[in-house]
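Novice: following is a predicted model, sequence given first.
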Amino acid sequence: MIDYINLFIKSIFVDNMIFAFFLGMCSFLAVSKNVKTAAGLGFAVIFVLAVTLPLNYILFEYLLKPGALQWLSPDFASLDLSFLSYIVYIATIAAFVQIVEMVVEKFAPGLYSSLGIFLPLIAVNCAILGGSLFMEQRGYANVGEAFTFGLGSGIGWFLAIVAMAAIREKLAYSNIPKPLKGLGISYIITGLMGIAFMSFMGIKL
């Protein structure tokens with residue numbers, strides 16, 4: 001259990017998708033103008049990461065990695081389908097993003113309208129695909145670890161975009177030099193927040 005807790009905390013703070021790896025920056029900067037909208041997208045990212053990472057883990061372990069198909073027949077023991085991992089991961093992610101899009105459109109049309117094109121673009125969000133690629137690279141032991149990493153990564157992304165949205169709402173009342181207004185000051189704040197999150201790297205988990 002302690003290993004799962006460590007992995008969960010580490011994926012939120014130490015290996016934060018935004019501040020440690022700067023993945024998913026397009027949606028992060030475009031949607032972080034309003035806390036409510038940012039929170040909506042953040043919850044969608046949490047759901048997609050938490051569902052697709054365990055599913056992609058199963059697909060990789062039992063279909064894609066070298067020798068994964070030996071459960072079908074010993075003749076397939078040397079077969080390596082890992083070159084298909086990008087296509088399979090993206091197809092899985094796109095399917096669940098479509099489900100999220102339909103649910104949000106049905107039950108929260110205001111949020112659906114405010115998110116606009118960035119809701120379906122979760123399918124190509126670098127943070128979502130990055131989560132699956134990190135899962136493959138780090139070789140997690142089981143589905144539980146993959147789920148924990150996905151959930152923690154989603155919450156980390158959620159915290160990052162909501163915090164950024166809250167700061168940008170406050171900045172609307174600040175006297176910012178004209179050349180830095182908009183994305184200029186957002187890039188600076190993102191960099192400073194990234195430096196702040198680097199302090200979590202000193203935590204031994």
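Specialist: The structure has been received and is ready for your questions.
Novice: ok, then the element right after the lowest-mean-pLDDT helix or strand in the chain?
Specialist: The weakest-scoring helix or strand in the chain, judged by mean pLDDT, DSSP states H and E, is helix 109-115 (a mean of 80). Where DSSP states H and E defines the elements, the next helix or strand beyond helix 109-115 is helix 126-138.
Novice: next SSE downstream of that next one?
Specialist: Next element after helix 126-138 (DSSP H and E): helix 143-171.
Novice: report the buried residues of that next one.
Specialist: Within helix 143-171, the residues that count as buried by 16 or more other C-beta atoms under 10 Å are 145-165, 167-168, 171. (C-beta placed from N, C-alpha, C; glycine too.)
Novice: quick check: mean pLDDT across stretch 57-73?
Specialist: The pLDDT scores in stretch 57-73 average 86.
Novice: show me the contact partners of it.
Specialist: Contacts with stretch 57-73, where a contact means C-beta atoms under 8 Å, 6 or more residues apart in numbering, come from 76-82, 84-85, 88-89, 92, 135-136, 140, 143, 146.
Novice: show the buried residues in those residues.
Specialist: 81, 85, 88-89, 92, 135-136, 140, 146.
Novice: what is the burial count for Phe13?
Specialist: By other C-beta atoms under 10 Å, 20 other residues sit near Phe13.
Novice: now do the same contact list for Tyr187.
Specialist: With C-beta under 8 Å, 6+ apart, Tyr187 has these contacts: Leu29.
Novice: quick check: it vs Phe28, distance?
Specialist: Distance from Tyr187 to Phe28, counting by C-beta to C-beta, to the nearest Å: 11 Å.
Novice: so where is the protein shaky, pLDDT-wise?
Specialist: Counting by pLDDT under 70, the chain contains low-confidence ranges at 124, 204-205.
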